[in-house]
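what shape does this take:
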Amino acid sequence: MLSEEKIIIAFIFKRSGKNMLKESEIYLPLSIELGWFTTQQAQEFVKHALKQGILMKKDNIIIPAFDIEKIHIPIGFHPSKKDYTTALTEKKDKKEKEEEKMLLIDKIIDHIAEKTEKDREDISAEIKNIEDKKNILPEVAALLVGWNHNIDMEKFFDLVENRIFK
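So this is what the prediction gives:
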């Protein structure tokens with residue numbers, strides 16, 4: 001079965017009338033001219049196609065890794081978006097969760113540092129030590145470090161609980 005990615009790529013190259021394109025000459029038509037993707041999704045599509053070996057890049061020029069003339073493009077073709085938007089959304093969600101996690105642990109470390117006047121690196125080392133010894137999440141270890149220093153950590157309980165059970 002012919003992959004949707006190959007159809008999209010063949011469409012763009014045939015539409016341009018060229019056999020070599022700059023990256024922007026692929027993602028801009030996909031997003032702005034055709035409206036199939038957002039600009040970011042179109043850029044992710046190009047990266048995906050390069051990783052899959054469907055496109056090849058050399059000296060900032062991109063060429064298809066297959067014969068586009070052998071690809072039949074159905075009349076009225078529109079990509080399903082499911083493969084690309086889902087991957088992009090999952091990547092974005094994962095990135096946001098990582099940032100949220102880092103923000104929470106940073107807030108806890110800042111709180112402990114403020115109350116103890118200890119260096120952030122020392123607090124981070126304490127957290128890592130407890131995290132490794134007890135095999136627990138860093139946020140929980142951070143709460144224990146605060147508790148070990150007799151710091152009221154209650155304001156972080158709900159945030160850590162949400163992080164754990166989200």
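
so, low pLDDT: which residues of the chain?
1-2, 81-102, 166 (pLDDT under 70).

same thing but at 80, please
By pLDDT under 80, the low-scoring segments of the chain are 1-2, 80-102, 163, 165-166.

who's in contact with Leu144?
Shown in contact with Leu144 (C-beta atoms under 8 Å, 6 or more residues apart in numbering): Ile130, Lys134, Ile136. Where you see a C-beta, it was placed from the backbone N, CA and C, and this is true even at glycine.

check the burial of the closest residue to the last one other than its chain neighbours by counting its neighbours.
Beyond its immediate neighbours in the sequence, the residue positioned closest to Ile136 (C-beta to C-beta, 6 or more residues apart in numbering) is Ile130, lying 7.2 Å away. Number of residues near Ile130 (other C-beta atoms under 10 Å) recorded here: 19.

for the most far-flung residue of the chain relative to its centre, what are phi and psi?
The centre of the chain is farthest from one residue, Asn150, which by C-alpha atoms, centre = their mean lies 38.0 Å away. As for Asn150, its main-chain torsions (degrees, to the nearest 10) stand at phi 60, psi 40.

and the helix or strand hosting the residue nearest to Ile136, what's buried?
Ile130 is part of helix 120-134 when elements are defined by DSSP states H and E. Within helix 120-134, the residues scored as buried using 16 or more other C-beta atoms under 10 Å are Ile123, Ser124, Glu126, Ile127, Ile130, Glu131.

now swap in stretch 148-166 and tell me
By 16+ other C-beta under 10 Å, the buried positions in stretch 148-166 come out as Ile151, Met153, Phe156, Val160, Arg163.

okay if I get those as JSON lines plus secondary structure?
JSON lines is the format used below for the buried residues of stretch 148-166 (DSSP: H, G, I helix; E, B strand; the rest coil):
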{"residue": "Ile151", "secondary structure": "coil"}
{"residue": "Met153", "secondary structure": "coil"}
{"residue": "Phe156", "secondary structure": "helix"}
{"residue": "Val160", "secondary structure": "helix"}
{"residue": "Arg163", "secondary structure": "helix"}
